[in-house]
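Colleague: model this:
(4 chains)
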Protein chains: 2
Amino acid sequence: MNVTIKDIANLAGVSYSTVSKALNDSELVKPETKDKILKIAKELGYEPNFAAQRLVSKQTKTIGLVWPSIERATLSTLVTKINEEISKYSYSMILSINPVKTSFDMFKRFQVDGMIVFEENDETLTDQSLTSSIPTIAHGVAGNNVLPVIDVNWQQAMYDAVNYLYKLGHSKIAFIGDFSPVDRRQMEKFKGFQKAMKEFNLPVNAENLVNAGGLDWYDGYVATKKLLHSTYKPTALIGSSYDISSGIIRSLREENIIIPKDMSVIGYDNIPQMGTLETPLTSVGVPIDQLAVKIVDSLMKLINDKSSVPHVQIMTPEIVERASCSK
Amino acid sequence: MNVTIKDIANLAGVSYSTVSKALNDSELVKPETKDKILKIAKELGYEPNFAAQRLVSKQTKTIGLVWPSIERATLSTLVTKINEEISKYSYSMILSINPVKTSFDMFKRFQVDGMIVFEENDETLTDQSLTSSIPTIAHGVAGNNVLPVIDVNWQQAMYDAVNYLYKLGHSKIAFIGDFSPVDRRQMEKFKGFQKAMKEFNLPVNAENLVNAGGLDWYDGYVATKKLLHSTYKPTALIGSSYDISSGIIRSLREENIIIPKDMSVIGYDNIPQMGTLETPLTSVGVPIDQLAVKIVDSLMKLINDKSSVPHVQIMTPEIVERASCSK
DNA sequence: TTGAAAGCGGTACCAA
DNA sequence: TTGGTACCGCTTTCAA
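Modeller: The predicted model follows:
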């Protein structure tokens, strides 16, 4: 059996409510008594029963993060950052890699104080049944979202990328991305690209629009290969994700195309790893730290005051230059 | 305020102990009563208070998994498998990406029924303070391990790889791995390679031993490049991890070296992804499913009977042929 | 400054 | 088949 405050009370010769106070460092206990109690508690190896505490206090100081697809690398950086951010508030984070509903149920059982979900598909954010009594923040594309969401201006990110290249003098710009319509984030990026191209009177067609059909580096690699062997000769490439961009670089190297001399490249995803690729890449996107801070901040606000968080918050992307583009 | 069994009892006009029984599907409640109670519970949107249940039952049906370095891809497959395996026992899994000690403390607070840790460094398994009242299984290299550990016969894996190649007629076999001495798993692989080579009277020296200095694909890529441009001309390569092997393939392709015609390649890590690489790779290692099953099985045994699990269990690797080797 | 006692939301045993 | 009740371990008034 575990040590309880009653055991301590017995040995200390005080009531157990006094022990409780002492352990919580209350002002109402005489210092000597407190010391004595603390000492005994230590000797006995006392560990508070969290379930009992919770039953009374209704606080767990824990955030649950739902992350059903751990195999996608880019997000792991964000998760790590979020974890750090949460610690700053002296909260803990637990992770579940089960489907959203299952995870929510589990977190509910554990009575976490708050939850964070990443958008998985269209329904993640709009499914009515996912409303929760527990403060929850989602990260994904705003729409009919049931939960308050932290969104990113994906369109603008791509617009900025095109604009950046255009200003450098490029007009033959290709976009390599995943156009599977289930992923709204990818769709948004695509729209942004289209919009920018149109504005600059540049064509968007089957030639400069390359569907990688997936988000792994290999998809980007194959897509780029195909592009390079087509008749269209772009002078600049935009990769729609970190992994895809890494595939692009590989393809270019194999073909002995030098970045940025022969080809300018910009990648989406503003994570530090962009700078440690084979060829460091100029990238566009919301800096991952900012995103983590915003998510955690919003959640904490939501926990303290249910009505204090906007239903949609959109983050502005930035360009980080790493010399992978030239005129 | 949340709905409690007392609320239900009031509305149903029964005592709350009856409600408790009904909700737990006890035989001792008349079906009609049960139905009525269940119906009311549903209407009220009743959700049991887990903390209260736990306070009494002392069971959480939850396993905590400590995984401080989520950024390493290979393990994510194992984690996913473990999660699946745990579900089969109708347990849930929660994950912590904090340092081992911090994670243990948190899991303890949540009173998980069991824990799983992956070896991070020498101390993870030997640190006395990590003994825990909660049943815990570690995965890593056995040694002075405090916790029961599921180990893999890394040496034999590499031995098998060399043997396999040798039998095919290769004698110029190079090993590309990470020799940083902090990672005991890597060290073990290296030893196995050495041992096998010695047995077949093949030399081990600076030429065929390539230190990638890291575990990312890029490390393997650079190392292979270097090797290919050296005077030593191997006919077979062994990659010490999935990522490194993927770098090897890539280097070979760039140099127009065909697998397996011009070069035989075996990779460590027995995960399905080995078959979906640019060039599917013959690989050696403990099949990841087996590993997951063993880990979870052992943990469940440990939970049910503290003394039933051997202090060290070593899994035997297997070779999966995928036509990346020839004579 | 300390203690007594009333819960928190359940489970489980015993009595009715 | 149901109800009464004693806990589980702790926090938090309220009295002493």
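
Colleague: Isn't A:V14 up against A:K34?
Modeller: No. Counting by Cβ atoms under 8 Å, A:V14 sits too far from A:K34 to count as a contact (10.3 Å). C-betas here are computed from N, CA, C, even on glycine.

Colleague: Helices of the stretch 51-200 of chain A, start to end?
Modeller: Remark: helices assigned in the stretch 51-200 of chain A by DSSP state H, counting those that start in this stretch are A:73-88, A:100-109, A:122-126, A:154-167, A:184-199.

Colleague: before we move on, what about the stretch 201-327 of chain A?
Modeller: In the stretch 201-327 of chain A, the helices defined using DSSP H, counting those that start in this stretch lie at A:217-228, A:242-254, A:288-304.

Colleague: Show me how far the lowest-mean-pLDDT helix or strand in chain A is from its chain's centre.
Modeller: Using mean pLDDT, DSSP states H and E, helix A:122-126 stands out as the lowest-scoring helix or strand of chain A, at a mean of 70. In this view, helix A:122-126 has its centroid 17 Å away from the chain centroid, taken as Cα atoms, centre = their mean, to the nearest Å.

Colleague: helices or strands up against that helix?
Modeller: Applying 3 or more Cβ pairs under 8 Å, 6 or more residues apart in numbering or on different chains; DSSP states H and E, we find helix A:122-126 packed against strand A:114-118.

Colleague: neighbouring strands for the strand it packs on, and are they parallel or not?
Modeller: Strand A:114-118 has the following strand partners under DSSP bridges: strand A:62-66 (parallel), strand A:136-139 (parallel).

Colleague: what mean pLDDT would you report for the shortest one?
Modeller: Think strand A:136-139. Throughout strand A:136-139, pLDDT has a mean value of 94.

Colleague: rewinding a little: how about the helices of the stretch 201-327 of chain A, which one is nearest chain B?
Modeller: Judged by Cβ to the nearest Cβ, the one of these that comes nearest to chain B is helix A:242-254, at 5.2 Å.

Colleague: how about the residues of the stretch 101-250 of chain A near chain B?
Modeller: Counting by Cβ under 8 Å from any Cβ of the partner chain, the stretch 101-250 of chain A comes close to chain B at A:T102, A:M106, A:K108, A:R109, A:F110, A:Q111, A:S133, A:Y218, A:R250.

Colleague: tell me the pLDDT at the fourth one?
Modeller: Right, the one you point to is A:R109. Confidence score, pLDDT, at A:R109: 85.

Colleague: State the distance from it to A:K6.
Modeller: Distance, A:R109 to A:K6, using Cβ to Cβ, to the nearest Å: 27 Å.

Colleague: picking up where we left off before, can you list contacts of the least confident helix or strand of chain A?
Modeller: If you take Cβ atoms under 8 Å, 6 or more residues apart in numbering or on different chains as the criterion, helix A:122-126 is touched by A:100, A:117-119, A:130, A:138, A:140-147, A:149, A:182, A:184.

Colleague: Please list only the buried members of the residues you listed.
Modeller: Listed as buried from these are A:100, A:117-119, A:130, A:138, A:140-142, A:145-147, A:149, A:184; burial here means 16 or more other Cβ atoms under 10 Å in any protein chain shown.

Colleague: Nearest to A:V222 among those?
Modeller: A:R184 (23.8 Å; Cβ to Cβ).

Colleague: Chain neighbours aside, what residue packs nearest to the closest one?
Modeller: Distances taken as Cβ to Cβ, 6 or more residues apart in numbering or on different chains place A:V141 nearest to A:R184, at 4.2 Å, with adjacent residues excluded.

Colleague: Identify the residues contacting that neighbour.
Modeller: Counted by Cβ under 8 Å, 6+ apart, A:V141 has contacts A:E119, A:L125, A:V149, A:D151, A:W154, A:R184, A:R185, A:E188.

Colleague: same thing but at 6 Å, please
Modeller: For A:V141, the contact set (Cβ atoms under 6 Å, 6 or more residues apart in numbering or on different chains) comprises A:D151, A:R184, A:R185.

Colleague: How about A:S246?
Modeller: A:W217, A:L277.

Colleague: and the gap between the residue lying closest to A:M158 once chain neighbours are set aside and DNA strand D?
Modeller: Spatial nearest neighbour of A:M158, excluding adjacent residues (Cβ to Cβ, 6+ apart): A:G192 at 3.1 Å. Separation of A:G192 from DNA strand D (Cβ to the nearest atom of the strand, to the nearest Å): 50 Å.

Colleague: can you check A:M187 too?
Modeller: 48 Å.

Colleague: can you check A:S246 too?
Modeller: Distance from A:S246 to DNA strand D, by Cβ to the nearest atom of the strand: 50 Å.

Colleague: before we move on, what about A:D289?
Modeller: In terms of Cβ to the nearest atom of the strand, A:D289 sits 34 Å off from DNA strand D.

Colleague: for that residue, what are its contacts?
Modeller: A:K81.

Colleague: Please parse chain A into its domains.
Modeller: Annotated domains of chain A cover A:5-48, A:62-152+A:288-315, A:154-285 [automatic domain parsing].

Colleague: To DNA strand C, which of those lies closest?
Modeller: domain A:5-48 (3.2 Å; Cβ to the nearest atom of the strand).

Colleague: what is the mean pLDDT for that closest one?
Modeller: 87.

Colleague: Give me the contact status of that domain with chain B.
Modeller: No. Domain A:5-48 does not reach chain B (Cβ under 6 Å from any Cβ of the partner chain); its nearest approach is 6.9 Å.

Colleague: who's more crowded, A:R109 and A:K6?
Modeller: A:R109 (19 against 11; other Cβ atoms under 10 Å in any protein chain shown).

Colleague: That one reaches B:F50, doesn't it?
Modeller: Yes. The pair A:R109 / B:F50 is scored as a contact, 4.0 Å apart, by Cβ atoms under 6 Å.

Colleague: what's the distance between the residue of the stretch 101-250 of chain A found nearest DNA strand D and B:S57?
Modeller: As assessed by Cβ to the nearest atom of the strand, DNA strand D sits closest to A:Q111 within the stretch 101-250 of chain A, at 13.4 Å. In this structure, A:Q111 and B:S57 are 16 Å apart, going by Cβ to Cβ.

Colleague: Ok, A:A22 next?
Modeller: For A:A22 relative to B:S57 (Cβ to Cβ), the value is 29 Å.

Colleague: who's more crowded, those two?
Modeller: A:A22 (26 against 11).

Colleague: Give the other helices and strands that whatever helix or strand the more buried one lives in contacts.
Modeller: With elements delineated by DSSP states H and E, A:A22 resides in helix A:16-23, which encompasses its position. Applying 3 or more Cβ pairs under 6 Å, 6 or more residues apart in numbering or on different chains; DSSP states H and E, one finds that helix A:16-23 contacts helix A:5-12, helix A:31-44.

Colleague: Show me which residues of the shortest one are buried.
Modeller: I take that to be helix A:5-12. A:I5, A:D7, A:I8, A:A9, A:L11, A:A12.

Colleague: A:E85 versus the residue nearest to the spatial centre of chain A, what's the distance?
Modeller: Computing the C-alpha centroid of chain A and ranking residues by Cα atoms, centre = their mean puts A:L78 first, at 3.9 Å. To A:E85, A:L78 is 10 Å away according to Cβ to Cβ.

Colleague: just to revisit the earlier point, next, format the domains of chain A as a markdown table and append distance to B:L209.
Modeller: Shown next, in a markdown table, are these (distance: least, Cβ to Cβ, whole Å):
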| stretch | distance to B:L209 |
| --- | --- |
| domain A:5-48 | 49 |
| domain A:62-152+A:288-315 | 29 |
| domain A:154-285 | 24 |
